[in-house]
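# here's my sequence, what's the structure:
(one chain, ligands or ions: 2)
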Amino acid sequence: MAHLVRSSKTFYGGVHPAEYKGASEHLPIEILPLPHKVVLPLSQHLGAPSAPCVKVSDTVKTGQKIADAAGFISVPLHASITGTVTAIGAFPHPNGRRMEAIVIEGNGTDEKEPAMSMHDPLSLDNSPLKQAVIAAGIVGLGGAAFPTHVKLSPPKEKTLDLLIINGCECEPYLTCDNRIMIEQADRIVEGIRLLKKILCLKKAVVGIENNKPEAAQSLAKASAADPEISVIVIKTKYPQGGEKQLIKSLTGREVPPPPALPMDAGVVVHNVATCIAVRDAVVDGTPCYQRVLTVSGDAIATPKNLLVRNGTLLSDIIAFCGGTAPNLKKVVIGGPMMGIAAVTIDVPVLKATSGLLFLSEKCAISYAESSCIRCGSCVRACPMGLAPSTLCGLVKKRRWDSLKEEGALECIECGSCAYSCPARIPLVQYIKIGKAELNARARKK
Ligand code: SF4
Ligand code: SF4
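Ligands and ions are numbered 1, 2, ... in the order given. Below you'll find the model as predicted:
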């Protein structure tokens, strides 16, 4: 396996939080039984919400389109179970607000919408392959939820030479990507080859942190027949899976500040789970209506890696995992560094939900914020080279112009600054507030 290599190159900054992956990293993926009901928000991706193309009382089959893309930066939405549309309206969303969603009550069957599969897709032209990705409603499954087809449509003036596949899974607790790399490496490699074909790229590199040796071996074995795919094992450091950080670690290239994109460094980055979604869309004609996620934390009875239908309520997943402990204090959707706290368990999992964490008081301690002692830890931790303490001060003083000049919009909201702060200042929360204000002001102009 000559194309499995180790590299000590890394990005600037970052932190080393405890991994907490032991509870689920060795657990094979299980399939969650079909839920009786799913709630499918129209907004579960970056960009314009999807537009419903069904109405209440319509019967739908698994995989049937129920909402259209509402523009280029948008995706269609598909039924994740077979049954009847019982409501279209505002329902609790993982972001804490009520958002438009389509509710389907299942009939207990899993009748599939007929799919358009493709034989020998690598021999075809790019266009039908990209159309299959667009029709499948695929978004970045690593958590970003950016419509995948947009990253497959580089402007003509951009020169790309490398596809990077993100197998880092650097968030503590999460192990779903680790499991799919171990169990479904062949499907990931099929997806990589399709992505290379669509992007007209020869070379692909898979980046995997060195705490996942079995996954690295599995992918190297599955890709051994393709000399243009390499697997590079890199340091375990958070946020290694950030696009800019991964590009730096694997290639040494710097992505310029916004509005520049990874494409400006000649690179496109996709997550390993997205590769499988692309493979399933093109080869089998299966849209994006299910995903593997991790259920973990010290306040869930049985941690699991689960294949879950889109729109399944957290309450159904909790029941399948044996319930929560009496000392449950916090439910986090996503990982502990970048995830969001759930205000209710009556919210659905979305296409990009990579994990659900159930934490007791011991693991979800909340600290009182104290004054900055000017230690500089946050500056050393910031992988974007920002000064988080300064940004936080500018938000508190509402100095929006200065906040922009100091590069707040470059913040990737990784939380490394807050993690490293001895004064327990929730730096990333302040910076998020500042970014929201800057974005709102830009929209008004
Ligand atoms: S300022 Fe933003 S990018 Fe820098 S460490 Fe904090 S959250 Fe991460
Ligand atoms: S880490 Fe906290 S205490 Fe130290 S400089 Fe940054 S904000 Fe201040």
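
# endpoints of stretch 40-58, how far apart?
Length of stretch 40-58, first residue to last, Cα to Cα, to the nearest Å: 15 Å.

# give me the residues contacting it.
60, 65-71, 73-77, 79-80, 84-88, 91, 93, 99-104, 137, 139, 144-147, 310-311, 348, 350-352 (Cβ atoms under 8 Å, 6 or more residues apart in numbering). Using the backbone N, CA and C atoms, a C-beta is placed for each residue, glycine as well.

# and these, which of them are in helices?
Taking DSSP state H, every one of the contacts of stretch 40-58 sits outside helices.

# you'd agree Gly434 is up against Arg399?
No - when contacts are counted by Cβ atoms under 8 Å, Gly434 is not listed as touching Arg399 (9.4 Å).

# between the two, who's got more neighbours?
Shown here are Gly434 and Arg399; by other Cβ atoms under 10 Å, Gly434 has more neighbours (24 against 14).

# looking at this structure, which helix is longest?
helix 427-444.

# and it, what's its mean pLDDT?
The average pLDDT for helix 427-444 rounds to 93.

# and the contacts of stretch 381-392?
11-15, 239, 242, 244-245, 372, 374, 378-379, 403, 406-408, 410-412, 414, 416-420, 425, 427-428, 430-431, 434.

# scratch that, stretch 138-145 is what I was asking about
Contacts of stretch 138-145 (Cβ under 8 Å, 6+ apart): 44-46, 75, 146-149, 151, 166, 177, 241, 270-271, 273-274, 277-278, 281, 288, 291, 334-335, 338, 350-352, 354.

# of these, which belong to strands?
Judged by DSSP state E, strands contain the following of the contacts of stretch 138-145: 166, 270-271, 291.

# turn those residues into CSV, including pLDDT.
Output for the ones in strands among the contacts of stretch 138-145, formatted as CSV (pLDDT from 0 to 100):
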residue, pLDDT
Asn166, 97
His270, 97
Asn271, 97
Arg291, 97
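
# list buried residues within those residues.
When the ones in strands among the contacts of stretch 138-145 are checked for burial by 16 or more other Cβ atoms under 10 Å, the buried set is 166, 270-271, 291.

# how about the residues of the stretch 301-445 of the chain by ligand 1?
Residues of the stretch 301-445 of the chain lying close to ligand 1 by Cβ under 6 Å from any ligand atom are 381-384, 386, 388, 411-417, 427-428, 431.

# go through those residues and name the one nearest Ala301.
Set against Ala301, the nearest of these by Cβ to Cβ is Gly415 (27.8 Å).

# burial of that closest one, as a residue count?
By other Cβ under 10 Å, neighbour count at Gly415 equals 25.

# residue in the stretch 1-150 of the chain nearest to ligand 2?
Val15 (11.3 Å; Cβ to the nearest ligand atom).

# what distance do you get for that residue to ligand 1?
With the distance defined as Cβ to the nearest ligand atom, to the nearest Å, Val15 ends up 8 Å from ligand 1.

# quick check: beta-bridge partners of that residue?
Tyr238 (DSSP bridges).

# so who does it touch?
Contact analysis of Val15 by Cβ under 8 Å, 6+ apart lists 237-238, 381, 416, 419-420.

# export those as a markdown table, with columns for pLDDT.
Output for these, formatted as a markdown table (pLDDT from 0 to 100):
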| residue | pLDDT |
| --- | --- |
| Lys237 | 97 |
| Tyr238 | 97 |
| Ala381 | 98 |
| Ser416 | 97 |
| Tyr419 | 96 |
| Ser420 | 97 |
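
# ok, of the contacts of stretch 138-145, which come out buried?
44-46, 75, 146-149, 151, 166, 177, 241, 270-271, 273-274, 277-278, 281, 288, 291, 334-335, 338, 350-352, 354.

# just to revisit the earlier point, which ones among the contacts of stretch 40-58 lie within strands?
Taking DSSP E, the ones among the contacts of stretch 40-58 that sit in strands are 60, 65-68, 77, 84-88, 91, 99-104.

# show the residue spans covered by the helices in the protein.
Assigned by DSSP H, the chain shows helices spanning 126-135, 148-151, 176-183, 185-199, 213-222, 243-251, 272-279, 314-320, 377-381, 388-396, 400-405, 416-420, 427-444.

# does anything pack onto the second one? Which helices or strands?
In this case it means helix 148-151. Here helix 148-151 touches helix 126-135, strand 267-271, helix 272-279, going by 3 or more Cβ pairs under 8 Å, 6 or more residues apart in numbering; DSSP states H and E.

# can you name the residues of the stretch 301-445 of the chain sitting close to ligand 2?
372-378, 389, 420-423, 425, 427.

# in CSV: those, plus distance to Cys200 and neighbour count.
Below are these laid out as CSV (distance: Cβ to Cβ, whole Å; neighbours: other Cβ atoms under 10 Å):
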residue, distance to Cys200, neighbour count
Cys372, 50, 16
Ile373, 52, 11
Arg374, 50, 9
Cys375, 49, 13
Gly376, 45, 11
Ser377, 44, 19
Cys378, 42, 27
Ser389, 45, 23
Ser420, 42, 22
Cys421, 45, 24
Pro422, 49, 11
Ala423, 50, 17
Ile425, 47, 20
Leu427, 41, 27
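
# who are the contact partners of Gly341?
No, residue 341 isn't Gly; it's Ala. Ala341 neighbours (Cβ under 8 Å, 6+ apart): 330-333.

# measure the residue most central in space within the chain to ligand 1 for me?
Centroid check for the chain by Cα atoms, centre = their mean gives Gly143 as the closest residue, at 1.5 Å. From Gly143 across to ligand 1, the span is 15 Å (Cβ to the nearest ligand atom).

# please report phi then psi for that residue.
Here is the backbone geometry of Gly143 (degrees, to the nearest 10): phi 130, psi -20.

# how far away is it from Asp298?
22 Å (Cβ to Cβ, to the nearest Å).

# and what of Glu111?
As for Glu111, its distance to Asp298 is 40 Å (criterion: Cβ to Cβ).

# just Ser315 next, same as before
If you measure Ser315 against Asp298 using Cβ to Cβ, the figure is 20 Å.

# and for Ala101?
Distance of Ala101 to Asp298, given as Cβ to Cβ: 31 Å.

# could you do Asp186 as well?
From Asp186 to Asp298 the distance is 34 Å (Cβ to Cβ).

# these two: which has the busier surroundings?
Neighbour count, other Cβ under 10 Å: between Asp186 and Asp298, Asp298 has more, with 18 against 14.
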